[in-house]
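In: Provide a 3D model corresponding to the input given below.
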Amino acid sequence: MFKDLGHYHEAAVRSHGPAELDHSLVVKGFGRARLRRPAPPGPAGWRARFEAWWGGLDLAPDLAEDIGSLRWLRGAGTCLGLSIFALSFWPDFSQVEAAAMVPQLAEQRDEYRSQMIMPLSFGGESGRHMGATPAVRPLSGVPERPNLQFVATLAPGDTFTRMLARAGVGEADAAQVAQLVGGNISTSAIPAGTQFDISLGQRPAPGSPRALQSLAFHARFDLDLTVRQQGAGLMVERHPIVVDTTPLRIRGMIGSSLYRSARNAGAPIGAIQAYLHAIDPHVSLESDLSASDAFDFVIGYKRSATGERQLGDLLYAGIERAGKPRLQLLRWGKDGAMVAAGGMASTGFAQPEARSAIGAPVAGRITSLFGMRRHPILGFVRMHAGVDFGAAYGAPIYAVADGIVSFAGRHGGHGNYVRLEHGGGNGTGYGHMSRIAVFPGARVRAGQVIGYVGSSGLSTGPHLHFEAYQAGRTVNPLGLHFAAVRPQMVDPGESSAFKQRLAALMAIRPGAALGAIAGAAGGLGAGGHREINRLAMAANPLRHD
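Out: This is a model prediction of the structure:
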């Protein structure tokens, strides 16, 4: 292809220019033509000529070059032909014939299971049992764990001794444990659900029950008991728990709702209900209280170092207005009645007037008053012989005063209806209940639940229809007055003790019962370190609140 030595230009070589080819040496048609060589004679020549011809065919040219030319059309035809050839092998979707399924019988299924290893690994007994081969040697004895540690729970209706027997404690150990525990608390007083940490040791002899090593449980709010093995017998250990009995005092502004304000202040629901029942005979919760008044009450409260809490009785209930006590009630006497501070001489507070008007029978607002109105269902004007209170469906309905149930059942348009007789010709009626909670002839106390708000009878929605009767005819319930209850008086000989008790409760700082328990670090007792207590507190830290 290149020039021979005589054709080179020396000037071009010396100046490092490009090499030049002589026109006579250029091979023409190198890209598309082929170099023809003489074919050898004979069969080998035919094969060489065929290979040369086949190699010269350009069946798959680059379709990105010379678009539209004959060479490009030939390549497109080749691509189309190969595509059609490939699509001709596309499978169809016709159904494939297969053998019909044979139902499997229970015997056959068991036979298959006999060949499985999985049931045997889980302790199953399925499959064919095979006889022992000479390679199987019987064991003289099965080794046992040296000790067992578990938790047993006293079920409802169960006894302490039956629980021990069910846990695997021998009769002799169970009788000794019952005697030791009974010397500290009554075993029948152990509440259901109490959990026991039990540890059993080795068996003294084959076939005999395991020996009891230890048993620990929370016996009382302020006491844990542990029974341990000592020598040949058992002994009991007492673990007193530090308990703080500081009463819980809660104060706050009444605001728009006394109940919601007390809940926002952290008061338990039971304490709020006791407070409302205590002040209800002395003040009207609807009209006598204002948003600027303050509520103040003290309840019995116990806290143990293990985190348990117990609410006690309401000890004090008061209402303040403009920073001065308006009502002060103190639990006093053997019967635990709430006595007003004004019921004793020289208290410095005016005695509140005993309420003679009835209170609201349900927590709700008045939606319809006593008098003539257009009935919402019947469509004509008629006498509305009561007062309607709008309340949530299922809200409890309370008796407004002590009385006897004279009727409890279905009563025409009133639906589920209860009527109470309070004496002196006075009575009250409660209609449209969803459910009745009393029966005819029963005696009820003021504040007792007698039913629940509903929409039975002629009613367009859940509410309470409240009626009042005097001398057999209906009257406006909002103006009904019963005989005033005479307030309980304090014995003059107890006035000094009454004042001291009242002053002691007033000296309690609100929230003081929630502080750290003095001496709790050294007085947790065994219960504070038990695994049961730690797991229970981690799962539900507010279980006793």
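In: Who does residue 452 form a beta bridge with?
Out: Beta bridges link residue 452 to residue 396, residue 435 when assigned by DSSP bridges.
In: The stretch 151-300 of the chain: strands as residue ranges?
Out: 195-200, 212-220, 223-230, 233-240, 243-244, 248-253, 294-304 (DSSP state E, counting those that start in this stretch).
In: strands paired with the shortest one, and their directions?
Out: Strand pairing for strand 243-244, determined by DSSP bridges: strand 294-304 (antiparallel).
In: quick one: residue 78 from residue 66, how far?
Out: To residue 66, residue 78 is 15 Å away according to CB to CB, to the nearest Å. For the C-beta atoms, the positions are set from N, CA and C on the backbone; glycine is no exception.
In: pLDDT at residue 150, what is it?
Out: Per-residue pLDDT puts residue 150 at 90.
In: check which helix or strand covers it.
Out: strand 148-153 (DSSP states H and E).
In: from the chain's centre, how far out does that strand sit?
Out: 26 Å (CA atoms, centre = their mean, to the nearest Å).
In: what's in contact with it?
Out: 163-164, 166-168, 193-200, 210, 532 (CB atoms under 8 Å, 6 or more residues apart in numbering).
In: Which pair of these spans the longest distance?
Out: 193 and 210 (25.0 Å; CB to CB).
In: Those two: who's more crowded?
Out: residue 210 (19 against 9; other CB atoms under 10 Å).
In: Look up the closest residue to that one, ignoring the ones flanking it.
Out: In this structure, residue 210 finds its nearest non-sequential neighbour in residue 200, 3.9 Å apart by CB to CB, 6 or more residues apart in numbering.
In: tell me the contacts of that neighbour?
Out: By CB under 8 Å, 6+ apart, the contact list for residue 200 reads 147-149, 168-169, 210-213.
In: from those residues, which is closest to residue 473?
Out: The closest of the contacts of residue 200, once distances to residue 473 are taken by CB to CB, is residue 169, at 71.9 Å.
In: just checking, the closest one touches residue 201?
Out: No - taking contacts as CB atoms under 8 Å, residue 169 lies outside contact range of residue 201: 11.3 Å.
In: Identify the contacts common to the two.
Out: Residues touching both residue 169 and residue 201 (CB under 8 Å, 6+ apart) are 210, 212.
In: ok, these two, which is more surrounded?
Out: residue 169 (23 against 14).
In: hmm, back to that, note down every partner strand of the strand holding residue 150 and its orientation.
Out: Next to strand 148-153 in the sheet, as set by DSSP bridges, lie strand 195-200 (antiparallel).
In: any idea what sits nearest residue 167, other than its immediate chain neighbours?
Out: Sequence neighbours aside, residue 152 is the residue nearest to residue 167 in space, at 4.3 Å (criterion: CB to CB, 6+ apart).
In: The stretch 351-500 of the chain: strands as residue ranges?
Out: So, for the stretch 351-500 of the chain - with DSSP E, counting those that start in this stretch - the strands run 365-368, 371-374, 381-384, 387-390, 396-398, 403-410, 416-423, 426-436, 443-444, 449-453, 463-470, 473-475.
In: helices or strands next to the helix with the most length in the chain in the packing?
Out: Ordering each helix of the chain by length in residues (DSSP state H) puts helix 70-87 first. Judged by 3 or more CB pairs under 8 Å, 6 or more residues apart in numbering; DSSP states H and E, helix 70-87 is in contact with no other helix or strand.
In: so where is the stretch 101-250 of the chain shaky, pLDDT-wise?
Out: Applying pLDDT under 70 to the stretch 101-250 of the chain picks out residues 113-130.
In: tell me, how many neighbours does the closest residue to residue 215 other than its chain neighbours end up with?
Out: Closest residue to residue 215 apart from its sequence neighbours, by CB to CB, 6+ apart: residue 227 at 4.4 Å. The tally of other residues near residue 227 (other CB under 10 Å) stands at 23.
In: any idea how far residue 197 is from residue 227?
Out: Distance of residue 227 to residue 197, given as CB to CB: 10 Å.
In: Check the contact lists of these two and give me the overlap.
Out: 214-216.
In: what's near enough to touch residue 188?
Out: Contacts of residue 188 by CB under 8 Å, 6+ apart are 159-160.
In: so residue 194 touches residue 218, yeah?
Out: Yes - distance between residue 194 and residue 218: 6.6 Å, which falls inside the contact criterion (CB under 8 Å).
In: higher neighbour count, those two?
Out: The neighbour comparison of residue 194 against residue 218 (other CB under 10 Å) goes to residue 218, with 25 against 14.
In: gap between the more buried one and residue 196?
Out: Residue 218 is 9 Å from residue 196, by CB to CB.
In: Kindly report the same for residue 238.
Out: With distances taken as CB to CB, residue 238 is found 16 Å from residue 196.
In: So those two - more neighbours on which side?
Out: The neighbour comparison of residue 238 against residue 196 (other CB under 10 Å) goes to residue 196, with 22 against 12.
In: what sits against the more buried one?
Out: 151-154, 163, 167, 215-217.
In: Now, of the contacts of residue 200, which are buried?
Out: 168-169, 210-213 (16 or more other CB atoms under 10 Å).
In: export the strands of the stretch 151-300 of the chain to a markdown table and tack on distance to residue 431?
Out: Converted to a markdown table, those look like this (distance: least, CB to CB, whole Å):
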| stretch | distance to residue 431 |
| --- | --- |
| strand 195-200 | 49 |
| strand 212-220 | 49 |
| strand 223-230 | 52 |
| strand 233-240 | 56 |
| strand 243-244 | 49 |
| strand 248-253 | 36 |
| strand 294-304 | 33 |
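In: Ok, which of these comes nearest residue 340?
Out: Of all these, the one in closest proximity to residue 340, counting by CB to CB, is strand 294-304 (14.2 Å).
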